[in-house]
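Colleague: I would like to see how this sequence folds:
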Amino acid sequence: MTARVDHLVTSGTFSLDGGTWEVDNNVWIVGDESEAVVIDAAHDADAIAAALAGRALRAIVCTHAHDDHIDAAPALAEATGAPVLLHPDDLPLWRLTHPDRAPDGELSDGQTITVAGVELTVLHTPGHAPGAVCLHAPALGTVFTGDTLFSGGPGATGRSFSHFPTIVESIRTRLLTLPPETVVRTGHGDSTTVGEEAPHLQEWIDRGH
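Modeller: Presented below is the predicted three-dimensional model:
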């Protein structure tokens, strides 16, 4: 059976540094009719489980540990038996949301996660968060970028644990080097392509946001 990408939008809040904001999150499900992985279990474990439609969940992959991307991960793991995977550099952020429940496994740069015959390669892309990762699926012509790269530029770097020069370097060296037709599936908002974003790198640097 052929692997596909399913898309779910869930709504909730993002809290950090004493502020709270309403947000809509993209939840990505990669798999076929029998198995899948979830990228970013945001806000609503029941809705994500329903979208799985009985498929075996192999992993819950966290692109980073801001609360809006991981708040439903423990409940989804409990419901499905799937392990929660996170880059260890984001454990301090994870503990702000889930102090009593650690992730089940670690993500590391270059690691591959295979589901439905498709390989997802982990790219460590710090900047928005220390342990931020993207997942490149060449066979699907796509990269899942979490909050590292959006349609229109880099993810936010104005809060704790973030750093603008680092995110720009991550995008420049790890994402803009991918084939230009690669579809960029983001943590919030619309998808884009590497080719659409690459010409704007210097503008982002000059803007310094």
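Colleague: distance-wise, check Val23 relative to Thr125.
Modeller: 20 Å (Cβ to Cβ, to the nearest Å). The way it works is simple: take the backbone N, C-alpha and C, and place the C-beta from them, glycine included.
Colleague: quick one, which of those two is more surrounded?
Modeller: Taking neighbours as other Cβ atoms under 10 Å, Val23 and Thr125 compare with Thr125 leading, 30 against 19.
Colleague: quick check: the more buried one touching Leu176?
Modeller: No: assessed by Cβ atoms under 8 Å, Thr125 is found out of contact with Leu176, at 11.2 Å.
Colleague: now the common contact residues for those two.
Modeller: By the contact definition Cβ atoms under 8 Å, 6 or more residues apart in numbering, Thr125 and Leu176 are jointly contacted by no residue.
Colleague: what about stretch 160-172, average pLDDT?
Modeller: The predicted model gives stretch 160-172 an average pLDDT of 97.
Colleague: residues contacting that stretch, please?
Modeller: Counting by Cβ under 8 Å, 6+ apart, the neighbours of stretch 160-172 from elsewhere in the structure are 16-17, 92-93, 124-130, 132, 148-149, 154-157, 201, 204-205, 208-209.
Colleague: for that stretch, buried residues please.
Modeller: With burial defined by 16 or more other Cβ atoms under 10 Å, the residues of stretch 160-172 counted as buried are Phe161, Ser162, Phe164, Thr166, Ile167, Val168, Ser170, Ile171.
Colleague: can you measure across it, start residue to end residue?
Modeller: Distance between the two ends of stretch 160-172: 22 Å, counting by Cα to Cα, to the nearest Å.
Colleague: then stretch 30-46?
Modeller: From its first residue to its last, stretch 30-46 covers 17 Å (Cα to Cα).
Colleague: tell me which residues of that stretch come out buried.
Modeller: Residues 30-31, 35-45 are the ones in stretch 30-46 that count as buried (16+ other Cβ under 10 Å).
Colleague: any chance you could map the helices in this protein?
Modeller: Secondary structure of the chain by DSSP state H: the helices cover 45-52, 67-70, 73-80, 91-97, 164-170, 194-197, 201-207.
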